[in-house]
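A.B. asks: okay, here's the prediction I keep looking at, along with the sequence it came from:
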Amino acid sequence: MPELPEVEVTRRGFADRIAGARIEAVRMGKPLRWALGVAPDSLIGRTVRAVRRRGKYLLVDLDAGLLLLHLGMSGSLRFDAVLPSAGSHDHFDLVTSRGTLRLNDPRRFGAVVHVEDEGSPLAIKLLGGLGMEPLEDSFEVEAFHAGLRKRQAAIKQVLLAGDIVVGVGNIYASEALFLAGIRPTLAASRISRPRALRLHTAVREILARAVERGGSTLRDFSNIDGQSGYFQLEATVYGRAGEPCRVCGTPIRQIRQGQRSTYFCPNCQKF
């Protein structure tokens, strides 16, 4: 599933190129997770002002209204002046004066939804429960630690929940916890302020590095130009069960938490 780094890489790949473009046509394929919410032709003539990100959602600001895009489990976007004819997995084309933005999603869990603004009921439903943005200055250590102290669940699960901090997906949670020296099964409420600071720093570092590497491609993800991400190639623990820890040489362990695989070093992450 595309996580924050992959979505941010996607946003950076077309945001500047589509800004100021006029919408000339909207083409719909098979139904996605949610309905568009307006007649496609009603978007024709509107202008794209900017593209932002909130968690794993892309927010395409129009001169009237807002498009919320989600890549789902296997979605990806393309943007180019000329794209081939739409295939069976191409479900949304936003044709503009600067190129076509296309959503490809084999599993159709992605979505493109139109709302009037971020105060609309649907926008609040989708975005209102999201936690702090880890790559922004608003991601404060004190607020992060305060949120952790209220949670009895394992820290790995709390990171994945996204209501304290968004975008720390499965790969990045394992990597950040290793960098911070925290065992993934530790109750979030037991994390001290100094250790919360280490985890806060690790989350920011891991996600920023993942964005620089173009995200992670395990199965489906590719960026706006069809290229794969490379962060997974330098992972310290994720996907390395049984291999020696790059720091101490202890074999990396794999466990299951909430139906997801977790990887950690039992020596470097004792507590």
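C.D. replies: All right, it came through fine.

A.B. asks: residues near T100, how many?
C.D. replies: 19 (other CB atoms under 10 Å). The C-beta positions use only the backbone N, C-alpha and C, and glycine is treated the same way.

A.B. asks: phi, psi of V165?
C.D. replies: phi -140, psi 140 (degrees, to the nearest 10).

A.B. asks: confirm for me that it is in contact with L130.
C.D. replies: No - judged on CB atoms under 8 Å, V165 makes no contact with L130 at a distance of 9.3 Å.

A.B. asks: more crowded one of the two?
C.D. replies: For V165 versus L130, neighbours defined as other CB under 10 Å are more numerous around V165 (26 against 17).

A.B. asks: so who does the more buried one touch?
C.D. replies: With contacts defined as CB atoms under 8 Å, 6 or more residues apart in numbering, V165 is in contact with G131, M132, E133, P134, F139, F144, G147, L159, V203.

A.B. asks: so which of those wins on neighbours?
C.D. replies: L159 (27 neighbours).

A.B. asks: that one: which element?
C.D. replies: helix 155-161 (DSSP states H and E).

A.B. asks: spell out which residues make up each domain of the protein.
C.D. replies: 4-127, 141-264 (automatic domain parsing).

A.B. asks: how about the ones you listed, which one is nearest F271?
C.D. replies: domain 141-264 (5.9 Å; CB to CB).

A.B. asks: how long is the closest one end to end?
C.D. replies: The first and last residues of domain 141-264 sit 24 Å apart, counting by CA to CA, to the nearest Å.

A.B. asks: and for stretch 148-167?
C.D. replies: End to end - CA to CA - stretch 148-167 spans 16 Å.

A.B. asks: what residues sit buried inside it?
C.D. replies: 148, 151, 154-162, 164-167 (16 or more other CB atoms under 10 Å).

A.B. asks: among those, which one has the lowest pLDDT?
C.D. replies: pLDDT across those is lowest for G167, at 90.

A.B. asks: shared neighbours of V165 and L130, anything?
C.D. replies: Counting by CB under 8 Å, 6+ apart, nothing touches both V165 and L130.

A.B. asks: just to revisit the earlier point, and the helix holding L159, what does it pack against?
C.D. replies: helix 170-180 (3 or more CB pairs under 8 Å, 6 or more residues apart in numbering; DSSP states H and E).

A.B. asks: tell me the average confidence for the first helix or strand past the helix it packs on going along the chain?
C.D. replies: The helix or strand immediately downstream of helix 170-180 is helix 193-212, counting by DSSP H and E. For helix 193-212, the mean pLDDT works out to 95.

A.B. asks: show me what contacts K270?
C.D. replies: R183 are the contacts of K270 under CB under 8 Å, 6+ apart.

A.B. asks: doesn't G13 lie inside a helix?
C.D. replies: Yes - G13 forms part of a helix when assessed by DSSP: H, G, I helix; E, B strand; the rest coil.

A.B. asks: surely it touches F79?
C.D. replies: Yes - the pair G13 / F79 is scored as a contact, 7.0 Å apart, by CB under 8 Å.

A.B. asks: between those two, which has more neighbouring residues?
C.D. replies: F79 (21 against 18).

A.B. asks: what's opposite that one in the beta bridge?
C.D. replies: For F79, the beta-bridge partners under DSSP bridges are L101.

A.B. asks: so where is this structure shaky, pLDDT-wise?
C.D. replies: 1, 215-232 (pLDDT under 70).

A.B. asks: where along it do the helices fall?
C.D. replies: Listed in chain order, the helices of the chain (DSSP state H) span 4-18, 121-127, 141-149, 155-161, 170-180, 193-212.
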